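Undergrad: Structural data only, the sequence is not supplied:
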Ligand SMILES: Cc1cc2nc3c(=O)[nH]c(=O)nc-3n(C[C@H](O)[C@H](O)[C@H](O)COP(=O)(O)O)c2cc1C
């Protein structure tokens, strides 16, 4: 779905897909050294440095995650927590989108993530470009039995 969204959005935008599993992003240790230091460098010196620079030039951020125990993946949560760094004040992002997939049929499946999404959107004063929320997709390929890919393409095409 992320790839389908990106391909559709590429028609009118410069798009980069960042697979965070390919980056080493350690959890925030809560030491606040990034807050105290003038250059706001995190002492961990991991791949988050690359992510910060990407987020400092992007206009739109679309987050894609599987549902893990009614939340986002731990890998993505680690990245979100690292936005504690005051470098976030240099971000150029104006709009946010969301793509989620889970295996359950539960009505409330995305509720916890949607609350966090709304709060983060408000915190950074961002506009919502839309969401693709897909249930009943457990195994590889299951998503093709849903409207997910179609909706992801529509979301991408909307970005003109
Ligand atoms: C650790 C873990 C926790 C999960 N928790 C949930 C859950 O709470 N609700 C749900 O509907 N699916 C849950 N799933 C299923 C995944 O969301 C689902 O298989 C999804 O399609 C995985 O997407 P991916 O193949 O893109 O990683 C969980 C899967 C794993 C591995």
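TA: Noted; the coordinates are in hand. Note that this is a predicted model, so its numbers are computed, not measured. Numbering: from 1, shown residues only.

Undergrad: Can you give the contact residues for stretch 87-99?
TA: The contact list for stretch 87-99, computed with CB atoms under 8 Å, 6 or more residues apart in numbering, reads 1-2, 5, 34, 40, 52, 55-65, 113-114, 117, 120-121, 124, 126-133, 152, 155. From N, CA and C alone the C-beta is placed, and that goes for glycine too.

Undergrad: gap between the residue of the chain positioned farthest from its centre and residue 50?
TA: Going by CA atoms, centre = their mean, the residue of the chain most distant from its centre is residue 38, 27.3 Å out. Distance of residue 38 to residue 50, computed by CB to CB, to the nearest Å: 21 Å.

Undergrad: I'd say residue 134 and residue 105 touch.
TA: No. With contacts defined as CB atoms under 8 Å, residue 134 does not count as touching residue 105, sitting 11.2 Å away.

Undergrad: Counting neighbours around each, name which of the two comes out higher.
TA: residue 134 (24 against 8; other CB atoms under 10 Å).

Undergrad: sec struct for residue 100, please.
TA: strand (DSSP: H, G, I helix; E, B strand; the rest coil).

Undergrad: okay, the spatially most central residue of the chain: pLDDT?
TA: Nearest residue to the geometric centre of the chain (CA atoms, centre = their mean): residue 63, 2.3 Å. Per-residue confidence at residue 63 stands at 98 (pLDDT).

Undergrad: Parallel or antiparallel, list what pairs with the helix or strand in which it is found.
TA: Assigned by DSSP states H and E, residue 63 belongs to strand 60-66. Applying DSSP bridges, strand 60-66 is found paired with strand 95-101 (parallel).

Undergrad: helices or strands next to the next helix or strand after the partner strand in the packing?
TA: Toward the C-terminal end, the helix or strand that comes next after strand 95-101 (DSSP H and E) is helix 111-123. Contacts defined by 3 or more CB pairs under 8 Å, 6 or more residues apart in numbering; DSSP states H and E place helix 111-123 against strand 95-101, strand 127-134.

Undergrad: Kindly report the residues of the protein close to the ligand.
TA: With the criterion set to CB under 6 Å from any ligand atom, the chain comes near the ligand through 66-70, 101-104, 109, 137-138.
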